[in-house]
Structure formats: structure tokens, C-alpha cells
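Asks: Give me coordinates for this.
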Amino acid sequence: MLRTFGAPHRYVQGPGAIVQLGELAASLGARQPLIIIDESIQDLLLPQVMQGLGKLADTAHCVDFSGECTRAEVERLARMAAQCGADLIVGVGGGKTIDSAKGVRIQCKLPLFIVPSIASNDSPTSRLVVLYTPDHAVDEVLRMPTNPDLVLVDTDILVKAPERFYISGVGDALSKKFEAAQCIASGKDNFYDGQATLLAQSVSGLCYDTVREHAERGLEAVRRRQVNDDFERTVEATILLSGLAFENAGLSIAHSLTRGLSAIPGPASALHGEQVAFGLLVQLLLEGRSSSFMNDLLSFYGRIGLPKTLTDLGLQGDPAAAAQLIAKITWERAPYIKAFTYPLDQERLAAAVLDAHQSNY
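Replies: Take a look at the predicted model:
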């Protein structure tokens, strides 16, 4: 019954934070950083990264990320890191770019800096690596020995990203309070193979409260492309608090359903946080939440722009058949589907998926 808690070694957030990149890299003794960056944002962000590196920019190497975080892509990037003699990995981009950089960190055993370009989920802070198949379905989840050495969140960059990513981050963060509660109540271990601390429980609740209070006004900042305090608080919740909550308290049904949703045409193309947001509705129905609670949350979903149905996630086929397949794949592949306070089965899960879909028309 050991209690455990883990976190990034350092977290830095704020407008213009990227200017600290070189100083923080030099503090680790880095001389040849390898920058792994999504090709789609290279023209926009690489000049800022290089400027932030300062003198280290002269010896830095840059490599494009292909767009999908597969085992083959991680191995390709790791070979390039070895060939250029890199002594620091800097992952710049969204969730899959970040996870690819984490995979390289595992293979090359190098320090890792994460510089997110969007606030779509809590991947930047965690030590988990989600690998996908070439056709975009979740394949496996790996773990780094430690969390990233640095998570550098420049909110001037994030506030200019498309609003869909911000909304996805909100969807991902909303579930943590409820998934943490299920894991703690059912006695499941967290992602450090121990029980949740009081701090983990507090963080998961603070994450939910912060998002509910600040996310809507933060969205206004995204639409104006100008940082405000609500945006700062929401980003801290969706990246830092959300990451600390899930790793240190655990995950349950809401995240489990991403296994099934990512294997179904339509929902597979939805962002992670969008899938989680729908998964949370399924979990809350299984918990037996009151209609007033559900209506309040669904009203928030509507105001912020989160999906309420499988149709919202892109499903074009038969919802009943899709619910059966989503439940089957989730039941077979999700390692934390049983982190729940009462026994479930595949049929009950399928019924809840369909109920969540039908209840929200």
C-alpha cells in the first residue's frame, strides 16, 4: 500500500517562455540538442526555437516528424539522434510529436525537453508514450523511466493555435476528477505502481474546478489570439494539473474508451480530448449520476463546443453496431477498463455507449 507521486523535473509557463530554452538546456550541460518538430509547424515555430536556444542553435540538429507516432517512426528518429551525437532531445509540437520524442528518450536514454505547440491534452507532462498503428489506432503504451526534464509552455504560441485544440484539452482535463475517484475507490494502482497521495486527489479536483471556472473565458482569449488570465489558468489545468492527476491517481472508463473509439471510422479521426469527453459521459452514466448533474455538464459541453454524441465524433454508420464494436475493442484492449467501483461487462459497456449517444440528441 505504498503511496507514490511523480512529476516533471521543471514546469515553466507564460508568454514568451521559449526564450529560456537555451539557458535551461545549458544548465544540463547540453551541447548538441536534437529538435524533433512537426513538419506542419516548422516554418512557424522553428525560428522561435532556434532563437530561444541562443548559442546552442549553432550546434543543434533538426529532424521532421512524419505525423504518426509508430514504433517504426520512433526507431527512425532514434537512429538520427545517435548519428548526430545528440545529448538532449527537444520535442516541439502536438501530442504525437511529443510522444515520438519520448520514445526516442527511451531508446537513447537522453534528457528530454517538451515544448508543446497546442494545449490539446496533458501529454507534455507525463512519462507515458502512446504508440499508434499506421492506420491511426492505438497500438501500445510505453513508459519512460522518469517524466520529462522540462515542460516549457509558451502561452503566446498556444493562444494562436486553432481553437479546436484548446477545446480538446478541456475535454481531456474534465475527466480526471471522476477517473481518479473511481481508481481510488476501487483500490487500483496509479501509473507509478502505487496508491494515490492526498496531493493527487487534490490536484484532480482542482483540475476540474479550474476548467469549469475559466475555460469559457479562456476560449474568448483564443478567439482574440491574446493571452488572458483565464487562458493561463486553463492551460495550466489542461497540461500540468491534468497530467499530474492521471499519472498519480489513475484512469478509468473515460480514457479506456479511446481504445475502441480510435478503431472506428469517424471517431478515429477525432482528437484525443474529444474522444475522452464522450467517454466521460459514458462513465458518468454508468456511475448513475443524476439528470441535473448530467444536464449541467452537457450545457457546459454545448457552450465550449465538446462532442456529445458519436455523430459529433464523426460516426456515419449505425450507432448501435458502433457501440457494440467500441465496447468489444475497449473491453479487450484497455488495461484500466476495470478500474471501477462495481463489476462491468462488455454488454453493459456497449449499452452505456449507446445510451450516451441517444441521450444527447
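
Asks: Would you mind measuring from Asp172 to Asn360?
Replies: In this structure, Asp172 and Asn360 are separated by 19 Å, where distance is defined by C-beta to C-beta, to the nearest Å. Quick note: C-beta positions are derived from backbone N, CA and C, even for glycine.

Asks: All the helices of the stretch 251-361 of the chain, in order from the start?
Replies: Listed in chain order, the helices found in the stretch 251-361 of the chain under DSSP state H, counting those that start in this stretch are 253-261, 272-287, 291-304, 319-333, 346-359.

Asks: export these to JSON lines and tack on mean pLDDT?
Replies: Formatted as JSON lines, the entries for those read as follows, by pLDDT from 0 to 100:
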{"stretch": "helix 253-261", "mean pLDDT": "96"}
{"stretch": "helix 272-287", "mean pLDDT": "97"}
{"stretch": "helix 291-304", "mean pLDDT": "97"}
{"stretch": "helix 319-333", "mean pLDDT": "97"}
{"stretch": "helix 346-359", "mean pLDDT": "96"}
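
Asks: right, and those helices - which one's nearest Arg225?
Replies: Comparing the helices of the stretch 251-361 of the chain by their distance to Arg225 (C-beta to C-beta), the top pick is helix 291-304, with 17.9 Å.

Asks: Can you name every helix or strand that the closest one contacts?
Replies: Packed against helix 291-304 by the contact rule (3 or more C-beta pairs under 8 Å, 6 or more residues apart in numbering; DSSP states H and E) you find helix 198-224, helix 272-287.

Asks: can you do 10 Å?
Replies: Using 3 or more C-beta pairs under 10 Å, 6 or more residues apart in numbering; DSSP states H and E as the contact criterion, the secondary-structure elements in contact with helix 291-304 are helix 163-174, helix 198-224, helix 272-287, helix 346-359.

Asks: elements contacting the third one?
Replies: Contact here means 3+ C-beta pairs under 10 Å, 6+ apart; on that basis helix 272-287 packs against helix 95-108, helix 163-174, helix 176-185, helix 253-261, helix 291-304, helix 319-333, helix 346-359.

Asks: so where do the helices sit in the stretch 1-150 of the chain?
Replies: Under the criterion DSSP H, counting those that start in this stretch, helices of the stretch 1-150 of the chain are mapped to 21-27, 42-53, 71-83, 95-108.

Asks: Pick the most deeply packed of these.
Replies: For those, the stretch with the most neighbours on average is helix 95-108, a mean of 25; neighbours defined as mean count of other C-beta atoms under 10 Å.

Asks: so how far is it from its chain's centroid?
Replies: Averaging C-alpha positions (C-alpha atoms, centre = their mean, to the nearest Å) puts helix 95-108 14 Å from its chain's average.

Asks: Equivalent analysis for stretch 247-259, please.
Replies: For stretch 247-259, the distance between its averaged C-alpha position and the chain's averaged C-alpha position is 11 Å (C-alpha atoms, centre = their mean).

Asks: How about stretch 39-50?
Replies: Taking the mean of its C-alpha atoms, stretch 39-50 sits 21 Å from the chain's own mean (C-alpha atoms, centre = their mean).

Asks: likewise stretch 334-352?
Replies: Stretch 334-352 sits 22 Å away from the centroid of its parent chain (C-alpha atoms, centre = their mean).

Asks: what do you get for stretch 134-154?
Replies: Per C-alpha atoms, centre = their mean, the displacement of stretch 134-154 from the mean C-alpha position of its chain is 9 Å.

Asks: Determine how far the last residue of that stretch lies from the first.
Replies: From the first residue to the last, stretch 134-154 extends over 31 Å; the measure is C-alpha to C-alpha, to the nearest Å.

Asks: Does anything pack onto the worst-scoring helix or strand of the chain on mean pLDDT? Which helices or strands?
Replies: Counting by mean pLDDT, DSSP states H and E, the chain has its least confident helix or strand at strand 138-143, which shows a mean of 86. Using 3+ C-beta pairs under 10 Å, 6+ apart as the contact criterion, the elements in contact with strand 138-143 are helix 71-83, helix 95-108, strand 128-132, helix 253-261, helix 319-333.

Asks: now Asn248: how far from Gly302?
Replies: Asn248 sits 31 Å away from Gly302 when distances are taken as C-beta to C-beta.

Asks: between these two, which one's more packed in?
Replies: Taking Asn248 and Gly302 together and counting by other C-beta atoms under 10 Å, Asn248 has the greater number of neighbours (26 against 11).

Asks: Now do the contacts for that one.
Replies: Listed by C-beta atoms under 10 Å, 6 or more residues apart in numbering, the contact partners of Asn248 are 3-7, 180, 183, 190-192, 194-197, 199-201, 203-204.

Asks: again, 7 Å this time
Replies: Contacts were defined as C-beta atoms under 7 Å, 6 or more residues apart in numbering; by that measure Asn248 touches Phe5, Gly6, Asn190, Tyr192, Ala196, Thr197, Ala200.
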